[in-house]
Structure formats: structure tokens, C-alpha cells
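[1] Just need the structure, nothing else, for what follows:
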Amino acid sequence: MIAARKKLKLGRAYLESLVHPIPLWTHLWITNKCNLNCDYCYVVDNHSKDPHLEEVQSWIAHSDYLGTAIVAFMGGEPLLRKDLAEIISSADQRNLMTYLTTNGKLLTPKRLEELAQAGLDILEISVDGYDQAGKSGKTLDGKETLIDWLEDTHRKYGMRFKIHQVLSPKTIAETPNLVELVKNRRIPISFGMVYQADKTVSFSPKEKEKMEQTLRLIMESKRKGLSIINPLRYFQDAWFSLEHPYKMNCDIGRYMVQASTNGKVYVCSKLGEESEVRFLDIDKDYFRNDQHKSKELLERCSHKCLSACAYTTNYFRENPLSFISTFRKG
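    Have a look, this model is predicted:
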């Protein structure tokens, strides 16, 4: 279970955000290295250097100062870091809700126990297929051993977990299998449309038909009570985007901030653009005065993007009752 002290911090942060913008969510990239090489992924640099533990801890402390309530550790593959438990513990000690995204290939019962004891609240396993999913290495290989480990860790320590699938033409053949899995095992799942940096989300006529079938399946499953984290509107807007340019609301630079492995603020991680501003140099006025120039950014890029995390965080901030309901179910 997520500690009451963290829920209280989140509640206070949300109330403050009603007065002026603060970064409710902070995403910290702690590595660009990965043990996989999925064809749609834009964050793989196995020659880069990871930030030192002390540097990441300074980012966590600064996130706390800025008013953050939830900190997400991103990659690459964060589990490649041997000091990951120390990083999570640093955030836990500051009453920050902790979130980790991983492909799960490096997880073991012992590693899960270390993460849970360090204070990890939510573990997202990025899985594109139950068996095979194109060139994505993020599959369960037809086994449910990892799910068994996750459920055991949840029972012992209360650490929550969910599955996430990227919806691309090469992965959606596995969506029905994953829907069946989470239905049978009663675990939450989220989905995200693949991001294309240079054009709107577009597919061939055959791919478009398959994507429409997939979105229909997901929406029907959600209406029937399957624990799907995304709001229903996400899939409705995704369907719309198959035919039309789509402008999405996004909280980046106002209610969300992202820091890259070199300590600079991401203009937008999906675009892969870093600003010249260092994360440790920004203050609360950065968000209050829109120094990120978020409005200009949205004019330039929002018609290209259906980032699930950006969409969902914005939706939940604007619809807090929906967040509470989804949080309880998840």
C-alpha cells in the first residue's frame, strides 16, 4: 500500500497547483542504456555515461523543493543501474511517490524485494506481447512467471504494478492476448500509441483497420470493467487521430518536468530535445511564469503526439475524481 504520508503530500501538491502551476510529476532519466533494442524506441544509447548516484539524489531533492509529489525513474532500462534501490530510497525518504518503468527482463524475486523494501510504490512493466511481438523484445515469452513474482511482491510489501503496451502496427496482434492475460490475472494495464516525431500518427489502410479493431477491443474491455488505466477519451482521441491531425493537451513545463541524463531540462522527451537550462537551476517561477514556453511548444508539436503519460497526467489533473477512482481500482 502507498503510505499515507505520500498520499497527503500528493493532496497538498494538487491543492497548491490550483493556485499556480507546480510540477506535480517529475520524470528523471537515470540511464539511456538498454538491454533491448526495440524498433520503435528512441531512447537507446549504450555508449552514454549514467549520472552518478549523488547527482540523481540532488535531482530528487530539487524535485521535492519544486513541489513534486510523484517522481518517475525512466530509461533506457533503469534496472541496469546497481544503485537503483538507493535512488528509490532517496525519493521515498522525502515522501515522494515513486514510479519505475522497466521492460522487466532483468527482474528477479530478489531484485523485486530490494525495490519494494526501498520504497517503490508503482512498477510499470512495459510488455508488448504475451509471446512474440514483431521486433520488440518486450514480451513474456509465453510464460507468466514474472506475473507470479510481481503478485507475490505485492502481497508481501504492497508494491503496486501494472503492464503497459505500446500500440504500434507490429505489436497490436498481441493486444488481445494481453487483454486476456490482465482479465484472468486481474492486473491493471495501460496502452500508448506509438509516437512518430516527424509526422502525425499515420498507418497504411490495412494497418489502420487493424488499429481500429484494437482500439475497439480496448474500449469495449474498459466499458466492461477491465482495469485499464488510460481514460476512455484517450482511445477515442487515438481513433480520431487515425484520420485527422490531433492537438493534445500537455502539462510539460507547467505541471510536469523532465530531466535528461546530463542534468538538463527536456523541452520534450518525445521530441528528444533538451533545453540549455539545467534542472538544478530552475525554480518555482519557472513554472508560474511559463519559462518553459509550453504554449509555443504545443503549437509546434501537439498535433503529432499521443504520449500516454502526458495525456493521462493532464487528464487526471483536470479530472481529479477520475484519478481517485482509477487509483483505487489500479
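
[2] Could you name the helices and strands sitting against the helix or strand bottoming out on mean pLDDT in the chain?
    Lowest by mean pLDDT, DSSP states H and E among the helices and strands of the chain is helix 320-329, with a mean of 77. For helix 320-329, the contact count by 3 or more CB pairs under 8 Å, 6 or more residues apart in numbering; DSSP states H and E identifies helix 308-318 as packing neighbours. No exception for glycine: its C-beta is placed from N, CA and C like everyone else's.

[3] what packs against the helix it packs on?
    Using 3+ CB pairs under 8 Å, 6+ apart, helix 308-318 is in contact with strand 189-193, helix 232-241, helix 320-329.

[4] What distance do you get for the closest residue to residue 170 other than its chain neighbours to residue 140?
    Sequence neighbours aside, residue 134 is the residue nearest to residue 170 in space, at 3.0 Å (criterion: CB to CB, 6 or more residues apart in numbering). Counting by CB to CB, to the nearest Å, the gap from residue 134 to residue 140 is 15 Å.

[5] low pLDDT regions in the stretch 51-200 of the chain?
    135, 195-200 (pLDDT under 70).

[6] before we move on, the earlier item: turn the helices and strands packed on helix 308-318 into JSON lines, including distance to residue 164 and mean neighbour count.
    JSON lines is the format used below for the helices and strands packed on helix 308-318 (distance: least, CB to CB, whole Å; neighbours: other CB atoms under 10 Å):
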{"stretch": "strand 189-193", "distance to residue 164": "5", "mean neighbour count": "23"}
{"stretch": "helix 232-241", "distance to residue 164": "13", "mean neighbour count": "17"}
{"stretch": "helix 320-329", "distance to residue 164": "14", "mean neighbour count": "13"}
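
[7] Now do the helices in the stretch 51-200 of the chain.
    For the stretch 51-200 of the chain, applying DSSP state H, counting those that start in this stretch gives helices covering 53-66, 84-92, 109-118, 145-157, 175-185.

[8] who's in contact with the last one?
    Helix 175-185 is contacted from outside by 127, 129-131, 140, 144, 147, 151, 163, 165, 167, 187-189, 191, 214, 217-218, 221, 226-227, using CB atoms under 8 Å, 6 or more residues apart in numbering.

[9] now swap in the fourth one and tell me
    Contacts of helix 145-157 with the rest of the structure, by CB under 8 Å, 6+ apart, involve 104, 107-109, 112-113, 116-117, 123, 125, 140, 159-161, 181, 185, 187.

[10] Next: the shortest one.
    Helix 84-92 is contacted by residues 30, 53, 56-57, 60-61, 63, 71, 73, 78, 81, 98, 100, 114-115, 117-120 when judged by CB under 8 Å, 6+ apart.

[11] are any of those buried, and which?
    Buried by 16 or more other CB atoms under 10 Å: 30, 53, 56-57, 60, 63, 71, 73, 78, 81, 98, 100, 114-115, 117-120, out of the contacts of helix 84-92.

[12] returning to that earlier point: could you dump the helices and strands packed on helix 308-318 into TSV and include distance to residue 209?
    Output for the helices and strands packed on helix 308-318, formatted as TSV (distance: least, CB to CB, whole Å):
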stretch	distance to residue 209
strand 189-193	16
helix 232-241	12
helix 320-329	30
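
[13] Give me the buried subset of the contacts of helix 175-185.
    If we count by 16+ other CB under 10 Å, the contacts of helix 175-185 have these buried: 127, 129-130, 140, 147, 163, 165, 167, 187-189, 191, 214, 218, 221, 226-227.

[14] follow-up on the earlier one: just the buried subset of the contacts of helix 145-157, please.
    Buried subset of the contacts of helix 145-157 (neighbour count, 16+ other CB under 10 Å): 104, 107, 112-113, 116-117, 123, 125, 140, 159-161, 181, 187.

[15] report the longest strand in this protein, please.
    Using DSSP state E to define each element, the chain has its longest strand at strand 160-167.

[16] Identify all contacting residues around it.
    By CB under 8 Å, 6+ apart, strand 160-167 touches 2, 40, 101, 121-129, 136, 150, 153-154, 171, 174-175, 178, 181-182, 187-194, 211, 214-215, 229, 238, 308, 330.
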